[in-house]
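Participant: Sharing a model prediction with you, sequence too.
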Amino acid sequence: MVRTRAQAAAPTATPARTAQAGGLLVAHAAAGLVVAVGVAAQLFRPLAPNLGSPPDPSRWFSAAQLAQVAAYRTPLYAVGLAALLLSVAVPCAVAFTAGGRSATARVVDRVGDHRPARAAAAVALAVVVLTDLTVLPLSFWAGYVHEGRWGFRTQGLDGWAYDWLVARAPGWLAVAAVVLAGWTLARRLPRAWPPVAAAAGALSTALVVFVAPLVLEPLRFDTRPLEPGPVRTEVERVLASAGAEVDRILVADASRRTTKENAYVSGLGGTRRVVLYDTLVANRSPDEVGLVLAHELGHAANADIARGTLLGAAGTVATVYAVAWLLRRRAGSGRRGARGQWG
């Protein structure tokens, strides 16, 4: 019996290969399920009770006060949109323009194309740093100039610059580490790396949310336990009424940055905590602090942190598969070009 060249080159089906293919199929299906759950968690939220039409704010605020609110917020919306567009435009320019590809090649040459994992990490790091630096003037205007004009900012330029760097440096390091690990994984598991990387990324997303109160938030705030007294009594009453379980009730030193008053709930499971700005505790009555906390607990009751974590995991999985598709498409184009040149 004569076998064709294609038949001779085709891999022979064995129980091990069949099991491997089945495992990959299950892994791909699990990745798809993570994306579906993350999207569904955003689309199918618990319905809030029907409270009727929103009340007219002019019942409590004068026209001048409402105009002030609009004057403060409107420029921030415009700057936020511009920052978003730049955040998309810079990576696209690097990927799809001749200048961007030339700059990428220079980074690879400096690192050494014989070390592809390190080169890929260096390129990714350069792109995210360049993006943040491009958006920096807008961030400076919104966070320093605009906040100062309205009397909200209390820190100087050095403090603002430090906060900007501390807020972004962990992300830069994370991007470089993820790309380095992903490239290494792709080299060792050329067929199975997408679901493996997707699973690791999804779990890492949940881990970051879990440890953020312990690792990331201390970079921004110094906190202390809320002392016993009328404010703590009111906070505990609101927590009990909402059926909310938190690990700790803390006060953050927000006053060294801003005059704004706020509170938030962060963490998952054993790291879940309530954090009150010291400006809120110092300037408001216990009842008013309780009202602000009740608003934040509304987010908790709606499981916004958990939903955001699921959406982040879904986005991570989708990104991994998008990168895998682009890499395979590029590799396929390269093979077709080589066949056209030498075939």
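Facilitator: Thanks, I have the structure now.

Participant: okay, now the domains of the protein?
Facilitator: Listed domain ranges for the chain are 64-188, 212-330 (source: automatic domain parsing).

Participant: Please identify the deepest-packed of these.
Facilitator: Compared across the domains of the chain, domain 212-330 shows the largest average neighbour count, a mean of 16 (mean count of other Cβ atoms under 10 Å). Backbone N, C-alpha and C define where each C-beta goes, glycine included.

Participant: any idea how far that one is from the chain center?
Facilitator: Chain-centre distance of domain 212-330: 15 Å, with Cα atoms, centre = their mean, to the nearest Å.

Participant: one step back: ok, which of the domains of the chain comes nearest Pro195?
Facilitator: Nearest to Pro195, of all the domains of the chain, is domain 212-330, at 8.4 Å by Cβ to Cβ.

Participant: who wins for proximity to Val196 among the domains of the chain?
Facilitator: Of all these, domain 64-188 comes closest under Cβ to Cβ, at 6.2 Å.

Participant: Quick check: mean pLDDT of that closest one?
Facilitator: In this model, domain 64-188 has a mean pLDDT of 93.

Participant: Which parts of this protein are helices?
Facilitator: 5-9, 15-43, 63-96, 98-111, 116-140, 147-149, 157-188, 193-215, 217-220, 230-242, 278-283, 286-301, 304-342 (DSSP state H).

Participant: TSV for the ones you listed, including distance to Ala263?
Facilitator: Output for those, formatted as TSV (distance: least, Cβ to Cβ, whole Å):
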stretch	distance to Ala263
helix 5-9	65
helix 15-43	24
helix 63-96	20
helix 98-111	43
helix 116-140	24
helix 147-149	19
helix 157-188	19
helix 193-215	14
helix 217-220	13
helix 230-242	9
helix 278-283	6
helix 286-301	5
helix 304-342	14
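
Participant: So for Arg256, which of the ones you listed sits nearest?
Facilitator: Of all those, helix 157-188 comes closest under Cβ to Cβ, at 7.3 Å.

Participant: which other residues reach stretch 307-318?
Facilitator: Here stretch 307-318 makes contact (Cβ atoms under 8 Å, 6 or more residues apart in numbering) with 31, 34-39, 41-42, 45, 198, 201-206, 209, 268.

Participant: and if we set it to 6 Å?
Facilitator: 31, 34-35, 37-38, 41-42, 198, 201-202, 205-206, 209 (Cβ atoms under 6 Å, 6 or more residues apart in numbering).

Participant: do the same with stretch 261-271
Facilitator: 209-210, 213, 247, 273-277, 279-280, 292-293, 296, 300.

Participant: If we use 7 Å, what do you get?
Facilitator: Where contact means Cβ atoms under 7 Å, 6 or more residues apart in numbering, the residues beyond stretch 261-271 that reach it are 209-214, 217, 247, 272-277, 279-280, 283-284, 292-293, 296-297, 299-300, 305.

Participant: now swap in stretch 210-222 and tell me
Facilitator: Applying Cβ under 7 Å, 6+ apart, the set of residues contacting stretch 210-222 is Asp163, Val166, Pro170, Ala252, Asp253, Ala254, Ser266, Gly267, Leu268, Gly269, Thr271, Arg273.

Participant: which residue packs closest to Gln42, ignoring adjacent ones?
Facilitator: Using Cβ to Cβ, 6 or more residues apart in numbering and skipping the chain neighbours, the partner closest in space to Gln42 is Leu311 (5.6 Å).

Participant: Kindly provide the distance from the one you found to Leu43.
Facilitator: 10 Å (Cβ to Cβ, to the nearest Å).

Participant: With Arg153 instead?
Facilitator: Counting by Cβ to Cβ, the gap from Arg153 to Leu43 is 38 Å.

Participant: need the contact list for Ala142.
Facilitator: The contact partners of Ala142, by Cβ under 7 Å, 6+ apart, come to Leu76, Val79.
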